[in-house]
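A.B. asks: Next come a sequence and a model predicted from it.
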Amino acid sequence: MTSTTKYSRLASALTSLACAASLAVASQAATAAEWPTKPVRIIVPAGGGGGTADPISRVLAEALSKRLGQAFVVENRGGANGNIGASAAAKSAPDGYTVLFSWAGTLATNISLYKQLPFHPKNDFDPVILIGAVPNILVVNKELGVDSLAAFTAKMKKEPGKHNFGSTGNGSSMHLAGELFKKRTGAYMVHIPYNSAGQATTDLVSNQTQMMFHLVTGAAPFVKSGQLKALALLAGKRSSVLPDVPTMRELGLDGVESETWFAMLMPKGTPPTIVAKLNATMNEVLSDPPVRKRLMEMGLEPLGGTPAQLSTHLDSEIKKWAEVVKFSGATIQ
């Protein structure tokens, strides 16, 4: 075979590859332009009819349906701290018709809490968008006799193990927010896990426990009624739900931020053009004044951004909470 013939065949092969690549790109572009052509399911790994995640997901599903002309249907798949629903989403076909709507605990904390996780938040999903966050807030029973974060911290250091804080269970955001505070300040309080935020809050109001690192949405009614005292928000900025409550950073304590953030992801291998289209649409939704107002009334601070930003956020949160989980000694079989 002459060198001319070899080069001719090589050129032909390269041309064929280039054409195939062009066809693939064109096919993906066409897919994204047409998508969605049928209903899209949004798996929410929590029960329906209450909580924080379910109502937020339904506001977003309604907005997406209006903008994209197809039904976005919420499918509640609760259980195992979100693992059941997230695992189901991870195993779904990467065709653009399954979306996971999940949060910090399932996506960033469970990987350190569980010895065997049925999915991997980074390896089994393509990130779409960081939707927003609901911050934790430190609230105390008024009989504790403290009116400031400084007084509270000093009391916990002076009386280690004498006071209790409730949460919605080992590894929950309320539990790990308390552990983060302990790790950062050297204070010590005893953790009491509950099966529900309602029961934990009831016991706090009745002084069975003395404090909670509650979600601001759950704590707000009790703070506004005067039943509980709010000391500080565990967030980078104040919440629109309780705007008069300062952040821990404002009060001189850095590095104690805890929020239940929410995100959308799709099964690994979903066409990038579809991921990009959903991301762009979601950014429009989060910027829409009526939708934004509804979300903020629920206590969510809308965020948005790119898939790459969500990926970076996941990396940071997984690392951060792994250190707190190790400090706390919490584990789930």
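C.D. replies: Ah, there it is.
A.B. asks: from here on, contacts and neighbour counts on C-alpha atoms
C.D. replies: Noted.
A.B. asks: what sits against residue 277?
C.D. replies: Contact analysis of residue 277 by CA atoms under 8 Å, 6 or more residues apart in numbering lists residue 32.
A.B. asks: Quick check: it vs residue 119, distance?
C.D. replies: Distance of residue 277 to residue 119, computed by CA to CA, to the nearest Å: 25 Å.
A.B. asks: quick one, phi psi at residue 314?
C.D. replies: The phi and psi values for residue 314, taken as degrees, to the nearest 10, are phi -60, psi -50.
A.B. asks: Would you map the helices across the protein?
C.D. replies: Secondary structure of the chain (DSSP state H): helices at 3-34, 53-68, 83-90, 104, 110-113, 149-158, 173-185, 197-205, 216-224, 272-287, 289-297, 307-328.
A.B. asks: Could you dump those helices into JSON lines with mean pLDDT and distance to residue 45 added?
C.D. replies: JSON lines is the format used below for the helices of the chain (pLDDT from 0 to 100; distance: least, CA to CA, whole Å):
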{"stretch": "helix 3-34", "mean pLDDT": "58", "distance to residue 45": "26"}
{"stretch": "helix 53-68", "mean pLDDT": "96", "distance to residue 45": "9"}
{"stretch": "helix 83-90", "mean pLDDT": "96", "distance to residue 45": "4"}
{"stretch": "helix 104", "mean pLDDT": "94", "distance to residue 45": "12"}
{"stretch": "helix 110-113", "mean pLDDT": "94", "distance to residue 45": "13"}
{"stretch": "helix 149-158", "mean pLDDT": "97", "distance to residue 45": "35"}
{"stretch": "helix 173-185", "mean pLDDT": "95", "distance to residue 45": "16"}
{"stretch": "helix 197-205", "mean pLDDT": "93", "distance to residue 45": "17"}
{"stretch": "helix 216-224", "mean pLDDT": "93", "distance to residue 45": "20"}
{"stretch": "helix 272-287", "mean pLDDT": "98", "distance to residue 45": "20"}
{"stretch": "helix 289-297", "mean pLDDT": "94", "distance to residue 45": "19"}
{"stretch": "helix 307-328", "mean pLDDT": "96", "distance to residue 45": "18"}
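A.B. asks: So which of those is nearest residue 40?
C.D. replies: Closest to residue 40 of the helices of the chain, according to CA to CA: helix 53-68, at 9.1 Å.
A.B. asks: tell me what the closest one is packed against?
C.D. replies: Using 3 or more CA pairs under 8 Å, 6 or more residues apart in numbering; DSSP states H and E as the contact test, the elements touching helix 53-68 are strand 40-44, strand 72-76, helix 272-287, helix 289-297.
A.B. asks: Nearest spatial neighbour of residue 328, chain-adjacent residues omitted?
C.D. replies: Nearest residue to residue 328 in three dimensions, chain neighbours excluded: residue 179, at 6.1 Å (CA to CA, 6 or more residues apart in numbering).
A.B. asks: measure residue 237 to residue 292 for me?
C.D. replies: Counting by CA to CA, the gap from residue 237 to residue 292 is 17 Å.
A.B. asks: for residue 34, same thing?
C.D. replies: According to CA to CA, residue 34 and residue 292 sit 27 Å apart.
A.B. asks: Show me which of the two is the more surrounded one.
C.D. replies: Neighbours were counted for residue 34 and for residue 292 using other CA atoms under 10 Å; residue 292 has more, 17 against 10.
A.B. asks: wait, what's in contact with residue 42?
C.D. replies: With contact set as CA under 8 Å, 6+ apart, residue 42 has these partners: 61, 72, 73, 74, 75, 98, 99, 100, 101.
A.B. asks: Over to residue 241?
C.D. replies: The contact partners of residue 241, taken as CA under 8 Å, 6+ apart, are 216, 217, 220, 296, 297, 299.
A.B. asks: again, only using 7 Å
C.D. replies: Listed by CA atoms under 7 Å, 6 or more residues apart in numbering, the contact set of residue 241 reads residue 299.
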